[in-house]
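I would like to see how this sequence folds:
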Amino acid sequence: MLVVQKYGGSSVADPERIHRVAGQIVALREKGHDIAVVVSAMGDTTDELISLVKEITDSPPDREMDMLLSTGEQISIALLAMAIRKRGRPVTSLTGPQAGIITDSVHTKARILNIDTRRLKKEFSQGNIVVVAGFQGIDQAGGDITTLGRGGSDTTAVALAAALQADLCEIYTDVDGVYTTDPRIVPEACKLNVISYEEMLELANLGAAVLHPRAVEMAVNYKMPLHVRSSFNTNPGTLVREVENMERALSVTGVVCDHNVAKIGLFNVMDKPGVAFTIFKALADEKINVDMIIQSAMRDERNDISFTCSTGDLKNALAVVDRLQTDIGADGYTHSDAVAKVSIVGAGMISNPGVAATMFKALYEEGINLEMISTSEIRISCVLRDKDAEKAVKALHKKFALA
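This next block holds a predicted model:
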């Protein structure tokens, strides 16, 4: 059996935790399994490196940021390999490039194009445990080190599991699995034993921090089962896999809240072909990811267009909107980052009418006003005031009886 494991930064935050992880890895190897381990940077190492950069310059080149930030994972893999070696097991640590992870050339946000598994398979054939630096690779064009963006170690683990045709990919983190909502907001939230790829992808995209969305996308594409579990105990976690029976008794599986949201609204935009294209092409050119989009009903050949983006993209998005407003005939624009997005997710929504009405009733009963609404077959999202977000999560979790 071939298993790929991923350990997050909190799992290897100090020498004691590194030794604990090494013990888990050796215990699995002693059962006869081949193991590839993907590791993130220790604790707050990445944040500390970014803080150092801010003391040097306000505009660091992306290439040099990749050179710097990739060192965090290299520290982790070397220390973990030493801890495994201390337990008498042969082990090799590899950087992303050494592990054959080939990416495109977009520094700080690279995407994996291919993985050359020859080195990995050679290490397995020699009986070695392989410890791979997450979050990084080497660009196909120039041979430079690249990083995959925050959360990229999840993506590294799933990509390796897919390339190696592993039997299972285990994602170890500081929580016991995937919950019906954030237990810090609702202490009685329940851990899910199983969740479908589709539901997990929606939760990840909507702000659940347990798994990175790109990692879930890759798991879906390659049908790679994921086991999300805690590195601090041996309890079973949550299995993310294909779920055949989508007609479930529960219409809603989970409630998720995303505070990393900003809203922009354009007033009295000309209602003619090409206006929406002009706006969102310009945003795309600036690598700004847009989420919810709402266009109001036409009035006097004018309408309003609103959309959301991440708070980190707000400054650049406003620059784009300011530049375009005259060209598209807008009377002006407004924005706010004092908002949050609260969503319910569940494959059972498809066959259970009235879910939206139940959601809106729960929020109405709490006196919460909705500013934007969007839906898919298995998700309903609402933008509301940030100060109401936790109250909304609690009300929805209770209304759908998820405890």
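
which SS state does residue 137 fall under?
Following DSSP: H, G, I helix; E, B strand; the rest coil, residue 137 is assigned to strand.

report pLDDT for residue 247.
What the model reports as pLDDT for residue 247 is 45.

same question, the one 3 residues further on
Per-residue pLDDT puts residue 250 at 64.

got it, and residue 244?
Turning to residue 244, the model gives it a pLDDT of 69.

who are the contact partners of residue 398?
By Cβ atoms under 8 Å, 6 or more residues apart in numbering, residue 398 lies in contact with residue 362. From N, CA and C alone the C-beta is placed, and that goes for glycine too.

tell me the average confidence for the helix or strand that contains it?
Using DSSP states H and E, residue 398 maps to helix 389-399. Averaged across helix 389-399, pLDDT comes to 96.

how far off centre is it?
22 Å (Cα atoms, centre = their mean, to the nearest Å).

so for stretch 191-203, what gets flagged as buried?
For stretch 191-203, a neighbour-count test (16 or more other Cβ atoms under 10 Å) marks 191, 192, 195, 196, 197, 198, 199, 200, 201, 202, 203 as buried.

can you flag which of these belong to strands?
Among those, the members found in strands (DSSP state E) are 195, 196.

low-confidence ranges in the stretch 101-250 of the chain?
Along the stretch 101-250 of the chain, segments meeting pLDDT under 70 span 244-250.

need the strands for it, in chain order.
Here the stretch 101-250 of the chain has its strands, by DSSP state E, counting those that start in this stretch, at 101-103, 112-115, 129-133, 136-139, 145-147, 168-173, 194-196, 226-230, 238-241.

same check on the stretch 301-403 of the chain?
Using DSSP E, counting those that start in this stretch, strands in the stretch 301-403 of the chain cover 302-309, 332-345, 372-376, 379-385.

mean neighbour count added to these, as a markdown table?
Listed next are the strands of the stretch 301-403 of the chain as a markdown table, based on neighbours: other Cβ atoms under 10 Å:
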| stretch | mean neighbour count |
| --- | --- |
| strand 302-309 | 21 |
| strand 332-345 | 20 |
| strand 372-376 | 15 |
| strand 379-385 | 22 |
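
the residue nearest the centre of the chain - nearest residue in space that isn't next to it in sequence?
For the chain, the residue nearest the mean C-alpha position is residue 212 (2.3 Å; Cα atoms, centre = their mean). Closest residue in space to residue 212, ignoring its immediate chain neighbours: residue 151 at 3.4 Å, by Cβ to Cβ, 6 or more residues apart in numbering.

any chance of the strands of the stretch 101-250 of the chain in CSV, with distance to residue 319 too?
As requested, the strands of the stretch 101-250 of the chain are exported to CSV (distance: least, Cβ to Cβ, whole Å):
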stretch, distance to residue 319
strand 101-103, 28
strand 112-115, 30
strand 129-133, 35
strand 136-139, 28
strand 145-147, 25
strand 168-173, 36
strand 194-196, 39
strand 226-230, 38
strand 238-241, 38
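
tell me the angle the helix holding residue 398 makes with strand 332-345.
With axes from the mean of the first three to the mean of the last three Cα atoms, to 10 degrees applied, the angle from helix 389-399 to strand 332-345 works out at 30 degrees.

list the buried ones in helix 389-399?
Neighbour-count burial for helix 389-399 flags 389, 390, 391, 392, 393, 394, 395, 396, 397, 399 (criterion: 16+ other Cβ under 10 Å).

want to throw these into CSV with distance to residue 356?
Shown next, in CSV, are the buried residues of helix 389-399 (distance: Cβ to Cβ, whole Å):
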residue, distance to residue 356
389, 19
390, 21
391, 19
392, 15
393, 17
394, 19
395, 15
396, 12
397, 17
399, 12
